[in-house]
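**Q** what's the 3D shape of this:
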Amino acid sequence: MLSLTSVVLNSDITKKLNHKEDLRRQAQQRASLMLIQKSSVTCPICTIPIEKNGGCNKMSCSNCHSYFCYGCMKQIYGYEHFSETTCQLWSEEILTNWARQMQAVEVRARPRNYNENQKKVTKYKTCPTCKVQCVKTDNNNHVLCWSCFHHMCFNCGKAVRNSANHFKASGCPQHTRETVEQNVEQVPAGVHGWGGDWEDD
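**A** This is a model prediction of the structure:
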C-alpha cells in the first residue's frame, strides 16, 4: 500500500521532470528560431521567413506564392527585373561554381587524342532578359537561354517572342553560316557552352 508521502514525492519528481523537459523544449525552440532568423529572409509581401538554399535570385514564397528578388527584396513578376536593374539573376559564387563544374565535365568528355590547338572559339551573347552568357552551338540564330529559358536572337541579341515574326520582320536570318570571328564577343575565362558540341574557351 502506498503512503501519502510517497504519492506526494512521486508527484513532485514528475513535476520536476516535466519542468526540465519543458525547459529543454523551449531552449530547442529558441535555438531553432535563432537559426531561422540567421539563415533566412522574410517575404516582402507576407513576411514569412524564407531560406535560400541554392538557385537563382528569383525567389518564390511558398506561403503567398509571390515572387521577389533576393538581392533587393522587392516584389517582381518575371525575369525582366534582372535586365532592367542592377540586380543579378545569379550570384558570382554560383556562376563560378557552375563554370568549374562545366569545365570538369568538358575535360572528362575530351577524346584521348584531343589537341589544344584545335579548339573552336565559343560564340556567345548576353541574354537580354537575365544577362547571363548564352552559347550558340550551331548555325541557328534562335537560341534558348540556359538560365531563364527565354528565347533570343543571336544575330541582334533581342528577345524573341514569336520566332516566325522576328526572323521575317527584323531581317535577321534564322540560320547563318558565319566564321567564328564574325558576330562573336570576346569570350571571358570560365564561360562554357550548354549542350550540343560546345567547347570551353
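
**Q** what's the average pLDDT for the lengthiest helix in the chain?
**A** The residue-count maximum for a helix in the chain (DSSP state H) belongs to helix 4-39. The average of the pLDDT scores along helix 4-39 is 75.

**Q** Which SSE is immediately downstream of it?
**A** strand 41-42 (DSSP states H and E).

**Q** Please identify the pairing partners of that following strand and their relative orientation?
**A** strand 49-50 (antiparallel) (DSSP bridges).

**Q** Quick check: S66 touching I45?
**A** Yes - contact between S66 and I45 holds when scored by CB atoms under 8 Å: they sit 4.5 Å apart. For every residue, glycine as well, the C-beta is placed using N, CA and C.

**Q** what's near enough to touch the spatially closest residue to Y70 that is not a sequence neighbour?
**A** Leaving aside its sequence neighbours, Y70 sits nearest to N57 (CB to CB, 6 or more residues apart in numbering; 4.1 Å). Taking CB atoms under 8 Å, 6 or more residues apart in numbering as the criterion, N57 is in contact with C69, Y70, G71, F82, C87, Q88, L89, W90, S91.

**Q** In strands, which of the residues you listed appear?
**A** The members of those that map onto strands under DSSP state E are C69.

**Q** Generate a ChimeraX selection restricted to the buried subset of the contacts of N57.
**A** A single ChimeraX command selects the buried members of the contacts of N57 (16 or more other CB atoms under 10 Å):
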select :69,70,71,82,87,88,89,90
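
**Q** Let me have the contacts of N57 in TSV, extended by distance to P49 and pLDDT.
**A** Below are these laid out as TSV (distance: CB to CB, whole Å; pLDDT from 0 to 100):
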residue	distance to P49	pLDDT
C69	17	93
Y70	13	91
G71	18	90
F82	24	87
C87	21	90
Q88	23	88
L89	23	88
W90	23	85
S91	20	83
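
**Q** From the contacts of N57, pick the one nearest L17.
**A** For these, the closest approach to L17 (CB to CB) belongs to Y70, at 45.0 Å.

**Q** Distance of the closest one relative to K38?
**A** Distance from Y70 to K38, counting by CB to CB, to the nearest Å: 16 Å.

**Q** lowest-pLDDT helix or strand in the protein?
**A** Ranking every helix and strand in the chain by mean pLDDT, DSSP states H and E puts helix 92-109 at the bottom, with a mean of 72.

**Q** Please write out the alpha-carbon positions of the helix or strand following it in CSV.
**A** Downstream of helix 92-109, the next assigned helix or strand under DSSP H and E is strand 123-126. Extracted in CSV, the C-alpha atoms of strand 123-126 (Å, rounded to 0.1, in the frame of the first residue of the first chain):
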residue,chain,number,x,y,z
LYS,A,123,30.3,32.0,-79.8
TYR,A,124,28.2,33.7,-77.1
LYS,A,125,25.9,36.6,-76.4
THR,A,126,24.4,38.1,-73.3
